[in-house]
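1. Coordinates only, no sequence provided:
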């Protein structure tokens with residue numbers, strides 16, 4: 001099979017300035033390496049479109065995660081095993097892998113840690129609610145926010161894959177959940193998930209509406225990098241509240257004339273006076289959730305059970321065709337997706 005099979009790839013052609021455009025990408029056809037002992041040949045079925053794909057296009061990132069022109073864009077993927085020389089895998093197996101924006105790949109079987117089973121949930125969920133995004137929500141709720149019955153938890157981006165999962169988990173703990181999202185369709189979906197209140201962050205009266213939705217204050221908050229949101233939420237925090245920081249603002253979210261440190265005194269004042277517990281969820285945690293390593297038995301068992309029982313709802317936004325990956329990333333950067341954004345390779 002390998003003798004005639006090639007992989008189709010999308011590579012970085014040039015570094016973008018601002019929003020990526022079509023000219024920043026190129027399509028390449030490359031031969032696959034020979035299949036050695038312990039290797040598996042994978043065919044990509046779904047690609048995850050993630051916001052970090054834009055960040056790694058920058059040169060000289062402090063974390064060293066930059067890619068260079070000519071490199072394949074990286075991402076998690078759901079793949080089917082076509083051929084295997086690894087004892088643990090056979091043709092037809094569906095696995096979670098990190099092969100990037102390409103149609104096929106040869107990888108070492110030892111690097112694949114998780115099979116996906118369609119009888120538990122659609123395999124595409126391995127890139128969203130039953131994968132990285134769901135696991136971030138699982139850790140943020142269970143390890144950091146730790147909601148108790150009757151407390152109020154505020155969840156931004158509540159219609160997104162992490163926010164929607166976190167909101168449903170907090171409700172399972174008996175908390176009162178206030179979701180924040182944007183647009184009438186997303187507000188309606190969050191309400192359908194059972195959130196106790198939903199506030200549109202684009203409303204002219206956002207601050208007042210959020211305060212009205214939290215009459216007893218806020219006990220838990222998932223910070224996801226939206227400055228306009230956390231500046232409104234922090235004054236509502238109760239004593240001994242818990243904040244999980246899952247993302248930081250990008251440069252594009254800093255208002256003109258304001259630096260990154262302008263909000264620091266007010267933030268420290270809130271932490272000090274209200275004795276808040278604030279913890280980041282950083283790349284050190286993400287080492288546990290690398291797309292090929294997501295095998296935490298608690299998460300796999302709990303989320304699998306919730307999905308089978310219909311206790312965890314989710315949305316997916318699927319585009320079709322490898323060539324659509326750059327356009328999908330643009331949609332994600334603009335906030336035009338509704339649900340976990342994937343590209344299906346038909």
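-> Thanks, I have the structure now. For clarity, every value in this text was computed on a predicted model and none was experimentally measured.
2. Strand partners (parallel or antiparallel) of the helix or strand containing residue 26?
-> Applying DSSP states H and E as the criterion places residue 26 in strand 25-31. Strand pairing for strand 25-31, determined by DSSP bridges: strand 6-12 (antiparallel).
3. Return the set of buried residues in the strand holding residue 26.
-> Under the neighbour-count criterion of 16 or more other C-beta atoms under 10 Å, strand 25-31 has residue 25 buried. For the C-beta atoms, the positions are set from N, CA and C on the backbone; glycine is no exception.
4. quick one: strands adjacent to the next helix or strand after it?
-> Using DSSP H and E, the helix or strand that follows strand 25-31 in sequence is strand 39-48. With DSSP bridges as the test, strand 39-48 is paired with strand 77-84 (antiparallel), strand 104-108 (antiparallel), strand 340-344 (antiparallel).
5. Deepest in the core, which of these is it.
-> The highest average neighbour count among those, using mean count of other C-beta atoms under 10 Å, belongs to strand 340-344 at a mean of 24.
6. Tell me the first helix or strand C-terminal of the worst-scoring helix or strand of the chain on mean pLDDT.
-> When each helix and strand of the chain is scored by mean pLDDT, DSSP states H and E, helix 283-286 comes last, with a mean of 53. Next in sequence after helix 283-286, counting helices and strands by DSSP H and E, comes helix 297-309.
7. Work out the gap between that next one and the centre of the chain.
-> Counting by C-alpha atoms, centre = their mean, to the nearest Å, helix 297-309 is centred 18 Å from the centre of its parent chain.
8. What is it packed up against?
-> helix 132-139 (3 or more C-beta pairs under 8 Å, 6 or more residues apart in numbering; DSSP states H and E).
9. Would you mark the buried spots in the helix it packs on?
-> 132-139.
10. Show me which of those residues is closest to residue 176.
-> Of all the buried residues of helix 132-139, residue 137 has the smallest distance to residue 176: 17.4 Å, by C-beta to C-beta.
11. So the closest one sits against residue 166, correct?
-> Yes. Using C-beta atoms under 8 Å, residue 137 is in contact with residue 166, at 3.8 Å.
12. Return every residue with contacts to both of those two.
-> residue 222 (C-beta atoms under 8 Å, 6 or more residues apart in numbering).
13. contacting residues around the strand holding residue 26?
-> Residues contacting strand 25-31 (C-beta under 8 Å, 6+ apart): 6-13, 73, 323, 326.
14. Quick one: distance of that strand to the chain centre.
-> The chain centroid and the centroid of strand 25-31 are separated by 26 Å, computed with C-alpha atoms, centre = their mean.
15. what about that strand, average pLDDT?
-> Strand 25-31 carries an average pLDDT of 95.
16. before we move on, what about stretch 58-76?
-> 85.
17. Other residues contacting that stretch?
-> Outside stretch 58-76, the residues touching it (C-beta under 8 Å, 6+ apart) are 9-15, 25, 47-50, 53, 55-57, 96-98, 100-102, 127, 131-132, 283, 291, 325.
18. List only those of the residues you listed flagged as buried.
-> The neighbour count (16+ other C-beta under 10 Å) marks 9-12, 25, 47-50, 53, 56-57, 96-98, 100-102, 127, 131-132, 291, 325 as buried among these.
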